[in-house]
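> need a structure here:
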Amino acid sequence: MYSRVFYTAVFLLCLAADFAPAVDRTEVLATMKRATAFMTETVSYQGGYVWNYLTDFSRRWGEMEATKTMIWIQPPGTPAMGHLFLDAYHATGDETYYHAAEQTADALIKCQHESGGWNYVADLAGEDSLRRWYDTIGKNGWRLEEFQHYYGNATFDDKTTSEAARFMLRMALEKNNLRYKAALDRAVAFVLNSQYPAGVWPQRYPLKYDFSKDGRPDYTSFMTFNDEVTAENIDFLILCYQALGDARFLEPIHRAMNAFLVTQQAAPQAGWALQYTTDLQPAGARSYEPKALVTSTTAENIGQLLKFYTLTGEVKFLERIPEALDWLDSVKLPPSLGMFRSSHPTFVELGTNEPLFIHRTGSNVINGRYYADKNPQNTVGHYSSVRFIDMTALRNSFEQARAIDPNDAKQNSPLRPGAPARDLPRFFSLRSRRQSRSIRPSESQVERIINSLNTQGYWPSRLRSTSNPYKGDGPKEVTPGDFSQTNVGDTYDTSPYPSRKPITCISTTTYIRNMSALILYLESES
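Numbers count the residues shown, from 1 in each chain. The predicted model follows:
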């Protein structure tokens with residue numbers, strides 16, 4: 001009897017939940033507006049953002065600690081905030097959000113390199129101020145070698161230029177603003193001018209060769225697949241072609257797609273490297289990224305080839321995928337060395353097909369050194385020597401793509417000459433480009449978001465990563481201790497590391513996530 005009553009009560013509660021009244025739309029709109037006012041009026045610096053701020057604004061961080069006048073371009077920095085503002089504008093029609101997007105776009109224009117691209121970070125106080133940061137905080141980030149030298153150019157790494165350029169594309173088309181159209185034109189020219197004849201892009205441009213690390217050549221001019229540099233540029237150019245209908249984008253798009261074919265190595269090592277020299281030979285990058293084939297890059301490039309086939313119907317993009325899959329199977333780690341049920345070494349030595357593992361000695365950037373060998377013990381903690389690759393999913397994706405009739409793919413291709421222009425998506429922040437759909441938040445989730453906005457107007461977050469304050473260049477003498485597996489070295493190392501006791505902070509990630517949920521809720525209710 002008790003059991004019947006209990007389960008009946010549970011059923012009635014669930015039924016009541018299904019018919020619970022929706023969260024008041026005006027309450028959602030008010031929450032969004034209050035949170036945005038705090039970000040634009042209190043957090044922003046001249047329209048720009050970093051990633052995390054202490055609640056008293058005494059310290060702030062992007063990928064590294066930043067000064068008050070700096071803004072971060074890498075997601076989830078300034079362009080990511082701009083995308084969110086435009087999304088909110090589309091969801092509400094409230095000009096407040098468009099004005100916020102304008103402020104963000106103007107900040108990006110201030111720091112757009114004369115060549116048309118963007119650096120990871122900018123300092124709105126001027127170049128001298130940015131140089132001082134590179135010579136102090138940047139220089140002493142032991143594991144962040146990309147910040148140890150001021151190049152004075154722009155980068156494609158970590159979606160920096162591609163995300164800013166996408167946002168500028170949206171702003172140029174939103175109200176046909178000529179100011180943003182001019183910035184977009186510079187960004188497009190940057191992407192087109194920097195593409196190598198082979199189809200791949202360098203990590204940085206205009207090309208520089210002036211930072212040799214531990215005797216290695218400056219890698220930033222090498223043709224780059226790392227962090228999906230080339231894939232991101234292809235996506236941007238496709239977006240431009242679909243939105244603008246300009247046929248000049250087709251040749252560089254197809255040339256870039258073909259680059260994935262010409263850089264794949266011969267069997268039995270039919271994988272890809274992170275970087276390539278201009279003669280299409282695998283190359284190393286940072287001192288903990290040796291000259292080698294890379295399993296995670298290979299898995300990503302297989303995914304790109306599958307996408308290229310569905311976009312074009314060209315069977316050449318499928319032909320050598322089985323070789324790449326077989327190579328990945330051949331380098332699986334034995335269970336004794338694996339961390340996952342399908343573990344692969346990150347790096348595989350050219351010629352021998354043996355795994356390489358990354359280690360370091362020393363305590364800071366001055367006395368420290370990275371090296372690769374075949375010893376799987378005591379590898380560095382901040383850059384995994386082992387990756388999980390879902391081989392079953394990769395092979396299933398290959399079979400699904402192969403089942404698509406190439407003629408159907410060609411006929412439906414958005415890249416076919418004369419294909420009609422398409423409007424840009426209304427929203428860019430609601431889901432990752434890796435996800436197929438967005439999930440509508442529940443009533444209780446929306447209520448939690450509304451109720452967790454504090455009286456000051458922000459959603460409190462946990463600062464899960466911090467860094468040592470800069471206190472000068474590190475000593476040549478090694479500090480006592482074992483820093484071989486830690487994320488940070490001695491107290492002179494300015495690299496970020498996980499906080500043992502996270503404190504409260506203000507986070508652009510949290511703002512974007514919660515605002516995106518509220519936007520999605522509004523859309524589902526309309």
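
> my read: residue 503 touches residue 464, true?
No: in this structure residue 503 lies outside contact range of residue 464 using Cβ atoms under 8 Å: 9.8 Å. Every C-beta, even on glycine, is put in place using the N, C-alpha and C of the backbone.

> Okay, buried residues for the helix or strand harbouring residue 99 please.
Here residue 99 sits within helix 95-110, counting by DSSP states H and E. Neighbour counts using 16 or more other Cβ atoms under 10 Å place 96-98, 100-109 of helix 95-110 among the buried residues.

> These into JSON lines, with extra columns for distance to residue 457?
Below are these laid out as JSON lines (distance: Cβ to Cβ, whole Å):
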{"residue": "96", "distance to residue 457": "14"}
{"residue": "97", "distance to residue 457": "15"}
{"residue": "98", "distance to residue 457": "20"}
{"residue": "100", "distance to residue 457": "14"}
{"residue": "101", "distance to residue 457": "19"}
{"residue": "102", "distance to residue 457": "21"}
{"residue": "103", "distance to residue 457": "17"}
{"residue": "104", "distance to residue 457": "18"}
{"residue": "105", "distance to residue 457": "23"}
{"residue": "106", "distance to residue 457": "23"}
{"residue": "107", "distance to residue 457": "21"}
{"residue": "108", "distance to residue 457": "24"}
{"residue": "109", "distance to residue 457": "27"}
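
> Which residue, other than its chain neighbours, is closest to residue 197?
residue 255 (7.9 Å; Cβ to Cβ, 6 or more residues apart in numbering).

> and the host helix or strand of the one you found, average pLDDT?
Element membership for residue 255, per DSSP H and E: helix 250-262. Averaging pLDDT along helix 250-262 yields 98.

> again with stretch 45-64
98.

> Would you mind measuring the gap between the ends of it?
Taking Cα to Cα, to the nearest Å, stretch 45-64 runs 17 Å from one end to the other.

> tell me the contacts of residue 182?
If you count contacts by Cβ atoms under 8 Å, 6 or more residues apart in numbering, residue 182 has none.

> Just say helix, strand or coil for it.
In three-state terms, and counting by DSSP: H, G, I helix; E, B strand; the rest coil, residue 182 is helix.

> Mind pulling up the pLDDT for it?
Value for residue 182, per-residue pLDDT: 98.

> what do you get for the one 10 residues further on?
Per-residue confidence for residue 192 comes out at a pLDDT of 98.

> That one looks like it's in a helix, true?
Yes: according to three-state DSSP, residue 192 belongs to a helix.

> does it really touch residue 250, like I thought?
No: using Cβ under 8 Å, residue 192 and residue 250 do not qualify as a contacting pair, with a distance of 11.9 Å.

> just for this structure, where's the confidence low?
The chain contains residues with pLDDT under 70 at 1-21, 337-342, 431-438.

> what's around residue 27, how many residues?
Residue 27 has 12 neighbouring residues, counting by other Cβ atoms under 10 Å.

> still on that earlier bit, show me what the helix holding residue 255 is in contact with.
191-192, 195, 197-201, 223, 230, 233-234, 237-238, 241, 272, 280, 301, 304-305, 308, 312, 316-317, 320, 415, 417.

> buried ones in stretch 207-215?
For stretch 207-215, by 16+ other Cβ under 10 Å, it's residue 211.

> again, but for stretch 280-288
282, 283, 284, 285, 286, 287, 288.

> Span of it from start to end?
21 Å.

> Name the surrounding residues that touch it.
Residues external to stretch 280-288 that are found in contact with it (Cβ under 8 Å, 6+ apart): 143, 145-146, 198, 203, 213-214, 216, 219, 222-224, 226, 262-263, 265, 273-277, 290-293, 350, 358, 360, 369-370, 372, 380, 383.

> same deal with stretch 224-239?
Residues outside stretch 224-239 that contact it (Cβ under 8 Å, 6+ apart): 156-159, 162, 165-166, 169, 191, 195, 199-203, 223, 249, 252-253, 256-257, 259-260, 263, 272-276, 285, 289, 297, 300-301, 304, 311, 414-415, 424, 433.

> Of these, which belong to helices?
Secondary structure from DSSP state H places 162, 165-166, 169, 191, 252-253, 256-257, 259-260, 297, 300-301, 304, 311 of the contacts of stretch 224-239 in helices.

> May I ask which two of those are separated the most?
169 and 297 (27.1 Å; Cβ to Cβ).

> which residue packs closest to residue 354, ignoring adjacent ones?
Excluding the flanking residues, the one nearest residue 354 by Cβ to Cβ, 6+ apart is residue 374, at 6.0 Å.

> quick one: what helix or strand has residue 179 in it?
Per DSSP H and E: residue 179 is located in helix 178-194.

> roughly how far out does that helix sit from the chain middle?
Averaged C-alpha coordinates place helix 178-194 at 21 Å from its chain's average position (Cα atoms, centre = their mean, to the nearest Å).

> hmm, who's touching whatever helix or strand comes next after it?
Using DSSP H and E, the helix or strand that follows helix 178-194 towards the C-terminus is strand 204-205. The contact list for strand 204-205, computed with Cβ under 8 Å, 6+ apart, reads 115, 117, 151, 153-157, 190, 193-194, 220-221.

> Of those residues, keep whichever come out buried.
Listed as buried from those are 115, 117, 151, 153, 154, 155, 156, 157, 190, 194, 220, 221; burial here means 16+ other Cβ under 10 Å.

> mind listing what the longest strand along the chain pairs with, with the direction of each?
Using DSSP state E, we find that the single longest strand of the chain is strand 497-507. Paired strands of strand 497-507, with direction, are strand 52-54 (antiparallel), strand 461-466 (antiparallel) (DSSP bridges).

> Could I have the CA atoms of that strand written out in CSV?
Extracted in CSV, the C-alpha atoms of strand 497-507 (Å, rounded to 0.1, in the frame of the first residue of the first chain):
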residue,chain,number,x,y,z
TYR,A,497,48.0,26.7,-13.1
PRO,A,498,44.9,25.1,-11.4
SER,A,499,43.8,26.7,-8.2
ARG,A,500,43.8,24.5,-5.2
LYS,A,501,41.3,26.7,-3.4
PRO,A,502,39.3,28.4,-6.2
ILE,A,503,38.0,31.9,-5.2
THR,A,504,35.1,33.8,-6.6
CYS,A,505,35.6,35.7,-9.9
ILE,A,506,33.8,37.3,-12.8
SER,A,507,34.0,35.1,-15.9
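
> residues making contact with that strand?
By Cβ under 8 Å, 6+ apart, strand 497-507 touches 43, 51-55, 458-467, 486-488.

> What residues of that strand count as buried?
In strand 497-507, counting by 16+ other Cβ under 10 Å, buried: 497, 505, 506, 507.

> same question, stretch 461-479
Using 16+ other Cβ under 10 Å as the burial criterion, the residues of stretch 461-479 that qualify are 461, 463, 465, 466, 467, 468, 470, 474, 478, 479.

> ok, which pair from the residues you listed is furthest apart?
Longest span within the buried residues of stretch 461-479, Cβ to Cβ: 461 and 478, 35.8 Å.

> element containing residue 512?
Assigned by DSSP H and E, residue 512 belongs to helix 508-525.
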